[in-house]
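[1] Output the structure for:
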Amino acid sequence: MSQSPKPAEDAVANASWHSATQVVRAGLPEKAAGTPYLPGPVFAAPYHAPGDPSFSPYTYGRFHNPSWTHYEAALSELEGGPCLLFPSGMAASAAVLATMVPPGGTLIMPQESYYTTRVIASQPFDGAWFASQGITVVMAPTAGDGLMRALDAHANDRVSLLWLETPTNPGLDVCDIAALSARAHALGALVAVDNTTATPLLQKPLALGADLCVVSDTKAMTGHADLVLGHVAVRDHKHHESLRLWRTRMGVIPGPMEAWLAHRSLGTLHVRLMQQCRSAMAVAEFLAGCEQVTGVRYPGLRSDPSHAVASKQMTAYGCVVSFELPSAAAVERFFAHSRLVYEATSFGGLHTSAERRARWGGDVVSDGFVRMSIGLEDVHDLIADLATALAAV
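    Residues are numbered from 1 along each chain as shown. All right, here's what the predicted structure looks like:
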């Protein structure tokens, strides 16, 4: 099977650029007169491929697509390692778990990591891939030294993979990627980090020692709440090949339109996310001073238990703020009296949204726990709107 062509731009040279420049220029093809900066999506199942297939850059749509190539090249520049695109964040997570944890191995992961990741890793159901492999799944808290203690407790248990999520969704706990990676590697284990909340703009797990980085591009990476995608970045090319074979053989492939939309959206990632981070800090400070609100979490707050670790490994603290209201009914009143906060799941979009997370039943949170994603509205308007909604609580 032929491989997709290498990106035209020199990713090593581009690494010296600031992140705002990188996201605007990443993955674009070489300049050619009469061509667009970024070619439109390519819709094809077969491609012209006479003779030896290895001579054709593209042969069949399940193997590769030019629209994937451009976006994966862009992601590789941002992540600092080869990337593969998947049709969702969960598809990316499932591919890592399926290829990096051998039968009979041990997987250590946060007990409050993304709910569906925990489900596919640990809960048996009809036809479950992971449950059928005899894999031991160990859950430990992200906060404090829970994951480090779990590694030490299972030092003799053939730990295959340490799965991290930092900051966690929805609790916003943060763990020390570098320290945990060093300990896991000493035990012969690989380290994967779900970096969805931070994105590669705010945190670079591969540079901190992780072997793999998983991101749901559905969220802040694309930011327009109009597509579902995910990607995996790796340090080792053999892991890239294992994941590529999994994607090809299982047919877990992204659509060309989604890949093109994601790349088109990437150019505004820096301006979007930096504004969202500034507004999120202001909102977190406002909420921390409201008598109706308890349990405010945002890693940027100096009072937050994750602030010290987050400040060491993140360049900014993200767009997600969490807090608690007295009850589910109080949250419903809050939503009813807000004009700017959409009640919706997911996060990272242009519009401020929030949800009462307990309604899904998968996370250990109170009935009044709210996860809020800060959008691009003027922060003064947003805080005024929140004040009105909280007054109704």
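
[2] Below-threshold pLDDT in the chain: ranges please.
    Along the chain, segments meeting pLDDT under 70 span 1-13, 124-131.

[3] Longest strand in it, please.
    Scanning the chain for the strand with the most residues, using DSSP state E, yields strand 159-165.

[4] Could you check the angle whichever helix or strand comes after that one makes with strand 159-165?
    Next along the chain after strand 159-165, taking DSSP states H and E as the criterion, comes helix 177-186. Counting by axes from the mean of the first three to the mean of the last three Cα atoms, to 10 degrees, helix 177-186 lies at 170 degrees to strand 159-165.

[5] does W246 really touch V252, like I thought?
    Yes. The pair W246 / V252 is scored as a contact, 7.2 Å apart, by Cβ atoms under 8 Å. In short, each C-beta sits where N, CA and C put it, glycine included.

[6] on that earlier part again, convert the longest strand of the chain to PDB, retaining C-alpha atoms only.
    The C-alpha coordinates for strand 159-165 follow below in PDB (Å, rounded to 0.1, in the frame of the first residue of the first chain):
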ATOM      1  CA  VAL A 159       1.400  -2.300  33.100                       C
ATOM      2  CA  SER A 160       1.100  -1.600  29.400                       C
ATOM      3  CA  LEU A 161      -0.500   1.800  29.300                       C
ATOM      4  CA  LEU A 162      -1.000   4.800  31.600                       C
ATOM      5  CA  TRP A 163      -3.900   6.800  30.300                       C
ATOM      6  CA  LEU A 164      -4.100  10.400  31.500                       C
ATOM      7  CA  GLU A 165      -6.600  13.200  31.000                       C
END
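
[7] Show residues contacting that strand.
    Residues outside strand 159-165 that contact it (Cβ atoms under 8 Å, 6 or more residues apart in numbering) are 96-97, 100-102, 105-110, 113-114, 117, 121, 142, 147, 151, 175, 177, 180-181, 184, 187-194, 196-197, 205, 210.

[8] Report the distance from that strand to the chain centre.
    Distance of strand 159-165 from the chain centroid (Cα atoms, centre = their mean, to the nearest Å) equals 16 Å.

[9] Which SSE is immediately downstream of the lengthiest helix in the chain?
    If you go by DSSP state H, the chain has its longest helix at helix 269-288. Later in the chain than helix 269-288, the nearest helix or strand by DSSP H and E is strand 294-297.

[10] Remind me what that following strand packs against, helices and strands.
    Counting contacts by 3 or more Cβ pairs under 8 Å, 6 or more residues apart in numbering; DSSP states H and E, strand 294-297 is packed against helix 269-288, strand 320-324.

[11] Highest mean neighbour count out of these?
    For the helices and strands packed on strand 294-297, average neighbour numbers computed from mean count of other Cβ atoms under 10 Å are highest in strand 320-324, which has a mean of 24.

[12] Quick check: what element follows that strand along the chain?
    Downstream of strand 320-324, the first helix or strand assigned by DSSP H and E is helix 328-336.

[13] can you list the residues that contact that next one?
    Residues from elsewhere that reach helix 328-336, judged by Cβ under 8 Å, 6+ apart: 292, 325, 341, 343, 354, 356, 358-359, 367-368, 370, 389-390, 392-393.
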